[in-house]
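Trainee: structure of the sequence below:
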Amino acid sequence: MKQLVIFDLDGTLAASKSALDEEMAGLLTDLLGVLRVAVISGGAWPQFQTQLLARLPDDHRLKGLCLLPTCGTKYYSYDTAWEQLYSEDLTPAEREKIVDALHRASASLDPPDRVWGEVVEDRGSQVTFSALGQQAPLGAKEHWDPDFAKRMKMKVILDQLIPEFSVRLGGSTSVDVTKPGIDKAFGIRKLRDVLGVPIAEMLFVGDALFPGGNDYPARQAGVVCIQVRDPDETKRVIETLLACSGVVPGG
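Mentor: Numbers count the residues shown, from 1 in each chain. Below is the predicted model of the structure:
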């Protein structure tokens, strides 16, 4: 059994920008009772609070949970309250250059019929492009780029416009840009250093482990990875981990 299980959030533990459902919250709570858990996602800290923490019990089991928002560019741990250990912020000039490149790259795509909220979000340590806007409904997002072709086209352009940054695909409609080398592999190495858990003792579960996906750096870091299609498949992975630990889910 591995010592640390790391999950992506959107598309892995929950539908895009949605809260954990009741079954997932129960399974994750059971898992926190027997194993250390970390969550690394392209989402910002407020997204972690509403999607994840609001669905988990506020008790001692949170000490076994590490949270790394914005693709590992930030790190939070819990003792009696959540504390930020680091934040690899972009400079204002870097963020301005990235925003300009995202607008130029997105102009290569057919404009969507409708957007819901801001399309480009400055998250401090990461700039995120969401093709249909930050508040787009899940149904619209699921049909916009199911084969990642549109965002792969954007990535090719962005890699030419801003080669000094890391460009990754995330969620259902998103493109995340961070400092070079500051991605989920960076977060995993931080977990190794802070927790003292060797990478060989980690397991990563995510839905974007393909080259160009924002989970791919986890594979490059050498972690044993499990590709899942959606949160339902993740539930089966957690049930297997619990069974190997002798735990009956909900028991």
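
Trainee: all helices of the stretch 101-250 of the chain, in order?
Mentor: 138-144, 149-161, 184-195, 216-220, 231-244 (DSSP state H, counting those that start in this stretch).

Trainee: and the longest one, what's buried?
Mentor: Residues of helix 231-244 classed as buried: Pro231, Thr234, Lys235, Val237, Ile238, Glu239, Leu241, Leu242 (neighbour count, 16 or more other CB atoms under 10 Å). The way it works is simple: take the backbone N, C-alpha and C, and place the C-beta from them, glycine included.

Trainee: by contact count, what packs against it?
Mentor: Packing partners of helix 231-244 (3 or more CB pairs under 8 Å, 6 or more residues apart in numbering; DSSP states H and E): helix 22-32.

Trainee: alpha carbons of the helix it packs on, as CSV, please.
Mentor: Output of helix 22-32 as CSV, limited to C-alpha atoms (Å, rounded to 0.1, in the frame of the first residue of the first chain):
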residue,chain,number,x,y,z
GLU,A,22,-22.3,12.8,-1.0
GLU,A,23,-20.8,9.4,-2.0
MET,A,24,-17.4,10.9,-2.9
ALA,A,25,-17.3,13.0,0.3
GLY,A,26,-17.9,9.9,2.3
LEU,A,27,-15.3,7.8,0.5
LEU,A,28,-12.7,10.5,0.8
THR,A,29,-13.5,10.9,4.5
ASP,A,30,-13.0,7.2,5.0
LEU,A,31,-9.7,7.3,3.1
LEU,A,32,-8.4,10.1,5.3
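
Trainee: got the phi/psi numbers for Ile98?
Mentor: phi -70, psi -40 (degrees, to the nearest 10).

Trainee: repeat that for Gly171.
Mentor: phi 60, psi -140.
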